[in-house]
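**Q** The following comprises the amino acid sequence and a computationally predicted model.
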Amino acid sequence: MLTQRDRKAQYRQIENLRKLRVANLRMLKEKAGSWLEFSRQTGHTESFLCHICGPNPRRDIGEKLARGIELALKLPAGWLDAKHV
């Protein structure tokens, strides 16, 4: 059984990973130059990408989505989960 302290630690880890993925995607978007070019590179719509890494993200970047974006951009698996910013 997890203690409240353990649950808080897990929540912090999840929140840190979420923020890291968003920051890394924003960096990749800046390298692409525009939402349109970034959407072409990833295979996702501009609107969807804006929802996951725009100024006010409304959706989380789950494991499956993160690995799919890495695959589309020819990045190694786990790249979005490491600090590059």
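**A** Thanks, I have it.
**Q** mind listing what the closest residue to Thr45 other than its chain neighbours touches?
**A** Distance criterion CB to CB, 6 or more residues apart in numbering; nearest residue to Thr45, sequence neighbours excluded, is Ser39 at 5.8 Å. (C-beta placed from N, C-alpha, C; glycine too.) Neighbouring residues of Ser39 by CB atoms under 8 Å, 6 or more residues apart in numbering: Thr45, Glu46, Phe48, Leu49.
**Q** between the residues you listed, which has the most around it?
**A** Neighbour counts for those, by other CB atoms under 10 Å, peak at Leu49, which reaches 21 neighbours.
**Q** And the contacts of the helix or strand that residue falls within?
**A** Assigned by DSSP states H and E, Leu49 belongs to helix 46-53. Helix 46-53 is contacted from outside by 21-22, 25-26, 29, 35-36, 38-39, 42, 57-61, 65, using CB under 8 Å, 6+ apart.
**Q** Let's see which of those residues end up in helices.
**A** Among the contacts of helix 46-53, the members falling in helices (DSSP state H) are Arg21, Val22, Leu25, Arg26, Lys29, Trp35, Leu36, Phe38, Ser39, Thr42, Leu65.
**Q** Report the buried members of those.
**A** Buried residues within the ones in helices among the contacts of helix 46-53, counting neighbours by 16 or more other CB atoms under 10 Å: Arg21, Val22, Leu25, Arg26, Lys29, Trp35, Phe38, Ser39, Thr42, Leu65.
**Q** give the contact list for the third one.
**A** With contact taken as CB under 8 Å, 6+ apart, Leu25 is in contact with Leu49, Ile52, Cys53, Ile61, Ile69, Leu80.
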